[in-house]
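Participant: here are the coordinates; sequence isn't available:
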């Protein structure tokens, strides 16, 4: 069901009504003149208020000033630059993924589903589309950036406090709660190429003083519009704007986004706008020849195409999506008395995202609950009928064709997110309490154009009596009845929803004094009910959309939990903490998770700290009851033994694009984890601090799809019938078949460093410097086939984007404030990594001469510099501007990733190029 205007109106009325009621209660209180609420400081990862913000757990704090100084437009853009973010992160630029239109963060590279995202310390409904059809996560694009007060990133496990999903850590986004006045802000941005325009406007207003008026109401409205960037508009940026990598030493078949080549001695052909036909010889081996008219569709060199029609897919691809979003947030806070506060929050976000990719081909393999469909060979192959006027043969001919005439594939995601919360907190005797009810949800519609219906395509290519006659192809496509395209390429839709209802309550108090201070206790309980639903995209439940994977699920999950926490300053220099939680799922699973921490501070400027935490992630409905047919890349050990193409095969078989079909498993166990941290905190002066933390997480019983490799090794595959000479069942790999299983364990460990220095330079202002760096020591994954190491490699390519696992990431920022002027600089760095799917594996790509590609089988490091500046006038007027990627650095060529075209999604700023933003801000008082 779509989010209705009345629903929005009613929720705002409820929020304001709660405020009015609280105001009325306050007016009738006996001591209205002295109403004050003691502010409690609670650090993410703990429920116990404290005065020392440096806990046993490593927590990175990002302020609103940090967000502004970055010059970045959204919370997601900032968080995805954290050095602790890694593989499995979902960028907005991945517009043709399962979770198109959303953004997600993946701490420690363990996936967005293992990073818990909170808003003001509480959950939100997950994005309605599971990433890769499996991974449920929180969409960061629903967060209003201008309402953010700070973000706290907890970098160890926190299931003992928050329950499921906090295996890799917690991102707690804390919005403003006591705001006065009004601030209007507008900005516009454009790339150095004159495209990718961004328009942003926001209004933040607050009224009421909690200490004087006993109430505060905050209102924030924010709108953003981003224009798409086309790949062809980057034709001046070498490999960024073209799919043809031959100028940089690659072959035609080694260029992932160059289509149309005829390979394997003519027995295999890629799709092209001209089309290629295959007919069998006496041995029933099919040989392909291109249809005429290639020059009409392609202006690039045909050298190395094997007689096919080479064409550049960049003509149709977008680098970034087109987005439009509106964000509303309202918060009311009311002091009923000195000991009671009522608060309410309402948030609403509507985002429309569009992304375009290449036109659909007519062949391939895909899956649906009934099994695999093979449109490339066998009885299901798409053929050009013997009587078709474009068929020069007197028999049916297998067809390889890119339907340029049907137009590019376009996906639009229209998502409504809403969140309503009402709560009460205060004190009763020695106890402090906080309780709330929350209702949150998403309603989403995904609409697609340009995809082909398999049954209609087969009909229109073979049947002169189809509703609109023959579908003419290639150079004769202009002869088609325009109505034909509604028949073969109908509009497709899928609807998805996610709803979260929760009730939680906690109490805290100091029990008694210990040598180092009071012993703090927290007790809490929570009940959550989650329901999700995804209808399959039109016709995919029948396997009737060419090349489009199937994903559908529906289910509910209910959990009741109770937890405790103790904070014990046993000595003036030693603080010990402990927590435990029990989560009981209605479906029958119970999880018990502990956490322990210790901090020793022998001096005021030195602390040693460490934690141990258990964690878990419960199976979600997409895993326990959903079906999925997706795509991945995998080497074919039959056609590419030991990394080298066999006679009759091609290098493309060494990294074959295949369908992977996954069925549900109702007997899945929860994922479990154990995490450890140990570190040192140095603060020799008030302006200098250094933290160094070692961390390790081991996750077991991981819920994964059966790997493509295991399915291939077991023979659970679908192949074409173009067998290699003398080798039966050795045709081109099309699909692998499997299910969700508890299949693996992952151990990941590394070191974080955070160094901060401030200098007061008198009349020259104040200078600050921050360095955040992460070194990944190991990322090892173990399953039935053995243990593989991903650290420093391009793997794991079974996760979103195949972005790789670099060992080092760093972010350096410097800010200079002098009177009314501020200047900021930020350096973002990721290290080089090997272009191999895992350590010890052959290089993932090769040049035309057979040597490893890129040079030394290595994706080079990438570094960018961003600058921002702002000037504040005396009359509350401020102007600001920023330049992203100041030196216009180009993203290194990455021939393996599928998350972007020839560059790594980690380096998207190097694909977009230099980007300028200017804006103004006015503060009303």
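Facilitator: Yep, it's here. As the structure is a prediction and not an experimental result, all values here were calculated from the model.
Participant: for the host helix or strand of residue 675, packing partners?
Facilitator: Taking DSSP states H and E as the criterion, the element that holds residue 675 is strand 671-685. Strand 671-685 sits against strand 606-617, strand 688-705, with contacts defined as 3 or more Cβ pairs under 8 Å, 6 or more residues apart in numbering; DSSP states H and E. Placement of C-beta: from N, CA and C, glycine included.
Participant: switch the cut-off to 10 Å
Facilitator: helix 159-162, strand 590-603, strand 606-617, strand 688-705, strand 733-760 (3 or more Cβ pairs under 10 Å, 6 or more residues apart in numbering; DSSP states H and E).
Participant: Which among the ones you listed is found nearest to residue 262?
Facilitator: Proximity to residue 262 (Cβ to Cβ) singles out strand 733-760 among the helices and strands packed on strand 671-685, at 18.0 Å.
Participant: chain center to that closest one: distance?
Facilitator: Strand 733-760 sits 13 Å away from the centroid of its parent chain (Cα atoms, centre = their mean, to the nearest Å).
Participant: before we move on, back to that, give me the sheet partners of the strand holding residue 675 and which way each runs.
Facilitator: Strand 671-685 pairs in its sheet with strand 606-617 (antiparallel), strand 688-705 (antiparallel), by DSSP bridges.
Participant: right, so these: which one is the most enclosed?
Facilitator: Stretch with highest mean neighbour count among these: strand 606-617 (a mean of 22; mean count of other Cβ atoms under 10 Å).
Participant: quick one: that one to strand 590-603, angle?
Facilitator: Computed with axes from the mean of the first three to the mean of the last three Cα atoms, to 10 degrees, the direction of strand 606-617 lies at 170 degrees from that of strand 590-603.
Participant: quick check: mean pLDDT across strand 606-617?
Facilitator: Averaged across strand 606-617, pLDDT comes to 94.
Participant: next one: it to chain centre, how far?
Facilitator: Strand 606-617 has its C-alpha centroid displaced from the chain centroid by 26 Å (Cα atoms, centre = their mean).
Participant: next helix or strand past that strand?
Facilitator: Heading C-terminal from strand 606-617 (DSSP H and E), you reach helix 621-625.
Participant: one step back: rebuild the strands paired with strand 671-685 as TSV, extending it with distance to residue 583.
Facilitator: Output for the strands paired with strand 671-685, formatted as TSV (distance: least, Cβ to Cβ, whole Å):
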stretch	distance to residue 583
strand 606-617	8
strand 688-705	16
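Participant: So for residue 479, which of those strands sits nearest?
Facilitator: Closest to residue 479 of the strands paired with strand 671-685, according to Cβ to Cβ: strand 688-705, at 43.9 Å.
Participant: The closest one - what's its average pLDDT?
Facilitator: Average pLDDT, strand 688-705: 93.
Participant: Over to stretch 566-575?
Facilitator: Averaging pLDDT along stretch 566-575 yields 94.
Participant: Endpoints of that stretch, how far apart?
Facilitator: Its first and final residues considered, stretch 566-575 spans 10 Å by Cα to Cα, to the nearest Å.
Participant: got the contact list for it?
Facilitator: Contact partners of stretch 566-575, identified using Cβ atoms under 10 Å, 6 or more residues apart in numbering, comprise 46-50, 52, 54-56, 508, 510-511, 513-522, 576-580, 596-604, 607, 609.
Participant: In ChimeraX, select just the buried ones from those.
Facilitator: A single ChimeraX command selects the buried members of these (16 or more other Cβ atoms under 10 Å):
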select :46,47,48,49,50,54,55,56,508,510,514,516,517,519,520,521,522,576,577,579,580,596,597,598,599,601,607,609
